[in-house]
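>>> Okay, sequence plus prediction incoming.
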Amino acid sequence: MQKIEKDLFFQIQEKFDKIVFTQSKGWYDYLSFKNNTIVFFVDNEKDPSLMFWGREQVIPVIKTKILRVEGEVFKPSISDKVITKCYNSLLEHKYIGIEINSSHKYNINFEIGLRRSGFIRPISLFSCPLTIEVDLLKPFNFDNNWKRNVKKANKNKLNFTELTDFDTKSLSNIVNMFKEMANLKGLKHTLDIASLKTLTSSSDIRVFMALTKEGKPLAARIVHDKNKFVTDIYAANSIDSRDYGATYFLIEEILYSLKESGKTSFDFGRIPPSNHNTDTVYNFKNATRGNRIQYNGEWVYYRNKLIEYMVFLFKKFFLKSQRY
């Protein structure tokens, strides 16, 4: 894998049909705004089979650099031998550790290729490798609870809109709704106006919103839309949204809108089935009765096992990341 410049990377990326949102230009803009050091790799500039960008991060205390890659872009027909060759060449860049979190549908060639280049599953998963994907080419099959909530939303005469003008007020509405949702569900992640403005300014990022008939925002959804594939990125739901059935109404309107515009699939961007608060997210997404699928998920390569365990302890006890 050879390092290349950003502009060339995104130029080459246009040759691929499916681009996961964590490899998109919009997500790059969002993370680079947060002062991440980002590097770009491709196996072959003229005839690419696999490419990705990742973040170089220095681990506190031990002060050593690792590479974190979220997703990748590759040809559907790629063989395990090519994958092994690509990741073997990536190891030549001498990072003390490389962490991969692939959000592509599980592919046995991907696993065989990674394992043969020395990658293994991490000590613990900190990202659930499951998602629900709605096939937009088939009739929808929402469950009864979903239908009851949409009926409630229609009774309340909610409005559906796509935002195209991201002024301070509209961004502030999204940030505030996300904060209400995060507090209710005990989520640690936060959104801020400045970085959100960077994300939404990209042409492959779209924002939809549900409002009361008086115009009060109740729920918003930020998605990545590239070619015929759409992926959910962020949801922002106000406390009042439950009383109106707003989240169900919003997703249903988005799905019908995407279907009508010729898109083929909507990926909910991971589900967290569990026995605690995050299970409500799974229940909501599962109510679409979409296809439950598994991603390739997390893989790691560490040259020093002690550092691998130190990174795990840092995630678990300092960051207090949830295990899956």
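Looks like it came in fine.
>>> List the residues that contact the closest residue in space to S195 that isn't next to it in sequence.
Closest residue in space to S195, ignoring its immediate chain neighbours: F33 at 5.0 Å, by C-beta to C-beta, 6 or more residues apart in numbering. Yep, even glycine has a C-beta here, placed from its N, CA and C like the rest. Remark: with contacts taken as C-beta atoms under 8 Å, 6 or more residues apart in numbering, F33 is in contact with A194, S195, T198.
>>> Among the residues you listed, name the ones in helices.
A194, S195, T198 (DSSP state H).
>>> Distance to K315 and neighbour count for the residues you listed - can I get that in a markdown table?
Output for those, formatted as a markdown table (distance: C-beta to C-beta, whole Å; neighbours: other C-beta atoms under 10 Å):
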| residue | distance to K315 | neighbour count |
| --- | --- | --- |
| A194 | 26 | 10 |
| S195 | 22 | 18 |
| T198 | 26 | 17 |
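>>> Let me know the next secondary structure element after the strand ranked longest in the chain.
Across the chain, the longest stretch assigned as strand under DSSP state E is strand 291-302. Following strand 291-302 in sequence order, the next helix or strand is helix 305-313 (DSSP states H and E).
>>> hang on, A210 in a helix?
No. Assignment of A210 by DSSP: H, G, I helix; E, B strand; the rest coil gives strand, placing it outside any helix.
>>> for the longest strand of the chain, which positions count as buried?
Y295, N296, G297, E298, W299, V300, Y301, Y302 (16 or more other C-beta atoms under 10 Å).
>>> partner residues bridging the last one?
Think Y302. Beta-bridge pairing for Y302 (DSSP bridges): G97.
>>> how much space between it and Y30?
Computed as C-beta to C-beta, to the nearest Å, the Y302 to Y30 distance reads 28 Å.
>>> cool, the first one as well?
Taken as C-beta to C-beta, the spacing of Y295 relative to Y30 amounts to 20 Å.
>>> where does the stretch 51-200 of the chain have low pLDDT?
61-62 (pLDDT under 70).
>>> Let's see that with 90 instead.
57-65, 94, 165-167, 181-190 (pLDDT under 90).
>>> Outside of the longest helix anywhere in the chain itself, which residues are in contact with it?
In the chain, assigned by DSSP H, the helix with the most residues is helix 168-185. Helix 168-185 is contacted by residues 163, 187-193, 196-197, 200, 207, 209, 217-220, 222, 234-239, 241, 277-278, 280-281 when judged by C-beta under 8 Å, 6+ apart.
>>> The same query, at a cut-off of 7 Å, please.
Residues outside helix 168-185 that contact it (C-beta atoms under 7 Å, 6 or more residues apart in numbering): 163, 189-193, 196-197, 217, 219-220, 234, 236-239, 277.
>>> residues of it that come out buried?
S170, L171, N173, I174, V175, M177, F178, E180, M181, A182.
>>> Likewise for stretch 218-238?
Using 16+ other C-beta under 10 Å as the test for burial, stretch 218-238 gives 218-226, 229-238.
>>> and that stretch, what's its mean pLDDT?
Stretch 218-238 shows a mean pLDDT of 95.
>>> For the helix or strand that contains K147, name the packing helices and strands.
Using DSSP H and E, K147 maps to helix 144-155. The helices and strands touching helix 144-155, judged by 3 or more C-beta pairs under 7 Å, 6 or more residues apart in numbering; DSSP states H and E, are helix 246-260.
>>> Right, I'll leave it there.
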